[in-house]
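>>> just coords:
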């Protein structure tokens, strides 16, 4: 029996080494690092369009690095006012009638870099290669394709500014090469004089004075081990973290499990069902973002991810409580 | 034929084609064998502990029966690369099957969802505040935020835009 197991192990090893046969070229690695660095370190301001299906909208984005602090502002230019302002790991979200949501980007690294584990995970799940150079918003761009090794994730193509590495355009494609969503700068200023009046000076959340806070300001998140598990986690995804948090301004804690394949993320939220009149089970889609809501016994399950519907559904269908009986 | 069988197992063959193929499988014993093999490989990958008892024995019998070729051949290089290729192809086939076996469970539901595109239209995205809470919380950890920065919040913000448009 041992002999058979060894043979099986050799087969699996062979299959694994075959799957990893094309190593990332040093040039591609340095491009990825350059892009992540540029996203956080470059001062820029520009207008971009976002399109998913027949839906198109225009937004303005500004990013500033001010010594230790990173400031970012995203303004919707169509319809009602919508604005997201970020200072380091704090996020303020203004929608229409001045409602404010405050989120805290837990685990956001102050000095971002692609960690070796993330690179390894990326390479395990995507074939990464350089494509032809192009021009986007008047800038010379270097393009990179992330081709998934299976159908559990989307294909990504990104165009980065040749000099700085700043992301100029990104397209998400499904397994039939149909564009799921894309966004691209139409106008961009890198460096130079950028409006700084909107910058949040202190960390207080008094900007919500004019409206009601939807989430509890300063959402509390705690590392946790709830006992909830995803039994049929799609191949290539690794658990990143698990926290217990408050959502919807309620004191009822929500378990939040986070998984990543190096490029796409999946969040699993589990909370007691209680009285949630607007919880409608089913699959919802917004561009590359999928949400699957399911009721499991007395719990409400919400799975969110930038992955195909089958992936969020597989995750949702295999969530079980594996801890101590409650 | 082999390609079609795996496409069928993948649930991606349209109903007409599937019917034709199933008809062919019924008629051709070798196609039936192919069908059984694919499923056996899938089963073996999923649950290696529950293989039929006789399978290991048969496998080793056949392995022993394979002749060991020691004579040098004239077209060594081309032969070698052929074997390497066919080995790679079967490994890929197994990897693919492993994936197929995971798929089988969810596929029908996914197809159902795909056939009802109206369900997937952004307009039907629940646009209440609690949905926004989930999206924002997800965005905090998503690796896509690493490269895209605040522009990855576009999905969250534009949810509201959809409401405004309704």
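Yes, it's here. The shown structure was predicted, so the numbers you read here are calculated from the model rather than taken from an experiment.
>>> poorly predicted segments of chain A, please.
A:1-25, A:98-115, A:201-224, A:249, A:275-278, A:323-326 (pLDDT under 70).
>>> centroid-nearest residue for it?
Nearest residue to the geometric centre of chain A (Cα atoms, centre = their mean): residue A:265, 5.4 Å.
>>> so what's that residue up against?
Contact partners of residue A:265, counting by Cβ atoms under 8 Å, 6 or more residues apart in numbering or on different chains, are A:240, A:258, A:259, A:305, A:306, B:138, B:141, B:142, B:143, B:144. Bear in mind the C-beta positions are built from the backbone N, C-alpha and C, glycine included.
>>> who is it paired with across the strands?
Listed beta-bridge partners, residue A:265: residue A:260 (assigned using DSSP bridges).
>>> now the residue in chain B positioned nearest to chain A: phi and psi?
Closest residue of chain B to chain A, Cβ to the nearest Cβ: residue B:142 (3.5 Å). Main-chain dihedrals, residue B:142, degrees, to the nearest 10: phi -60, psi 130.
>>> now swap in residue A:261 and tell me
Backbone geometry at residue A:261, expressed as degrees, to the nearest 10, gives phi -110, psi 20.
>>> tell me the spacing between it and chain B.
8 Å (Cβ to the nearest Cβ, to the nearest Å).
>>> is it correct that that residue is in contact with residue A:123?
No. With contact defined as Cβ atoms under 8 Å, residue A:261 does not reach residue A:123; the gap is 10.8 Å.
>>> ok, these two, which is more surrounded?
Neighbours were counted for residue A:261 and for residue A:123 using other Cβ atoms under 10 Å in any protein chain shown; residue A:261 has more, 27 against 19.
>>> that one and residue A:183, how far apart?
Distance from residue A:261 to residue A:183, counting by Cβ to Cβ, to the nearest Å: 21 Å.
>>> how far away from the center of its chain is stretch A:59-74?
18 Å (Cα atoms, centre = their mean, to the nearest Å).
>>> and the contacts of the strand or helix carrying residue B:23?
Secondary structure from DSSP states H and E places residue B:23 in helix B:15-27. With Cβ under 8 Å, 6+ apart as the test, helix B:15-27 has contacts from B:1, B:4, B:5, B:8, B:13, B:31, B:32, B:35.
>>> following element in sequence after the helix or strand hosting residue A:283, please.
According to DSSP H and E, residue A:283 maps onto strand A:282-286. Next helix or strand after strand A:282-286 toward the C-terminus (DSSP H and E): strand A:289-296.
>>> packing partners for that following strand?
Here strand A:289-296 touches strand A:282-286, strand A:299-305, helix A:309-317, helix B:129-141, going by 3 or more Cβ pairs under 8 Å, 6 or more residues apart in numbering or on different chains; DSSP states H and E.
>>> helices or strands up against the host helix or strand of residue B:62?
Taking DSSP H and E as the criterion, residue B:62 maps to helix B:53-65. The contact analysis (3+ Cβ pairs under 8 Å, 6+ apart) places helix B:53-65 against no helix or strand.
>>> average model confidence for that helix?
What helix B:53-65 shows for mean pLDDT is 76.
>>> what do you get for stretch B:142-158?
What stretch B:142-158 shows for mean pLDDT is 67.
>>> residue A:28 contacts residue A:128, doesn't it?
Yes. Assessed by Cβ under 8 Å, residue A:28 is found in contact with residue A:128 at 5.4 Å.
>>> the bottom helix or strand of chain B by mean pLDDT?
helix B:117-120 (a mean of 36; mean pLDDT, DSSP states H and E).
>>> how many neighbours does residue A:320 have?
Using other Cβ under 10 Å: residue A:320 sits among 12 other residues.
>>> now do residue A:69
Residues lying near residue A:69 (other Cβ under 10 Å) number 12.
>>> again with residue B:22
By the measure other Cβ under 10 Å, the count of residues near residue B:22 is 15.
>>> got it, and the one 4 residues further on?
Number of residues near residue B:26 (other Cβ under 10 Å) recorded here: 10.
>>> does anything pack onto the strand holding residue A:283? Which helices or strands?
Here strand A:282-286 touches strand A:289-296, helix A:309-317, helix B:117-120, helix B:154-165, going by 3+ Cβ pairs under 8 Å, 6+ apart.
>>> skip the chain neighbours and tell me the closest residue to residue B:25.
residue B:31 (4.6 Å; Cβ to Cβ, 6 or more residues apart in numbering or on different chains).
>>> what's the average pLDDT for the helix or strand harbouring the one you found?
Element membership for residue B:31, per DSSP H and E: helix B:29-46. For helix B:29-46, mean pLDDT is 81.
>>> just the angle between that helix and helix B:15-27, please?
110 degrees (axes from the mean of the first three to the mean of the last three Cα atoms, to 10 degrees).
>>> rewinding a little: and residue A:28 and residue A:128? Which one has more around it.
Applying other Cβ under 10 Å to residue A:28 and residue A:128 shows that residue A:128 carries more neighbours, namely 22 against 16.
>>> the more buried one reaches residue A:122, doesn't it?
Yes. The criterion here is Cβ under 8 Å, and residue A:128 meets it with residue A:122 at 6.8 Å.
>>> now the common contact residues for those two.
Jointly contacting residue A:128 and residue A:122 under the rule Cβ under 8 Å, 6+ apart are A:32, A:146.
>>> circling back: how about the nearest residue to the residue of chain B closest to chain A, chain neighbours excluded?
Residue B:142 sits nearest to residue A:265 (Cβ to Cβ, 6+ apart), 3.5 Å away.
>>> equivalent analysis for residue A:229, please.
Leaving aside its sequence neighbours, residue A:229 sits nearest to residue A:322 (Cβ to Cβ, 6+ apart; 4.4 Å).
>>> for that neighbour, grab the count of nearby residues.
So residue A:322, with other Cβ under 10 Å, has 11 neighbours.
>>> residues in contact with it?
Counting by Cβ under 8 Å, 6+ apart, residue A:322 touches A:227, A:228, A:229, A:231.
>>> how about these in JSON lines, adding neighbour count?
Compiled in JSON lines, the contacts of residue A:322 are given as follows (neighbours: other Cβ atoms under 10 Å in any protein chain shown):
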{"residue": "A:227", "neighbour count": "13"}
{"residue": "A:228", "neighbour count": "20"}
{"residue": "A:229", "neighbour count": "16"}
{"residue": "A:231", "neighbour count": "10"}
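>>> sort out for me which of those residues are in strands.
Mapping these onto strands (DSSP state E) picks out A:228, A:229.
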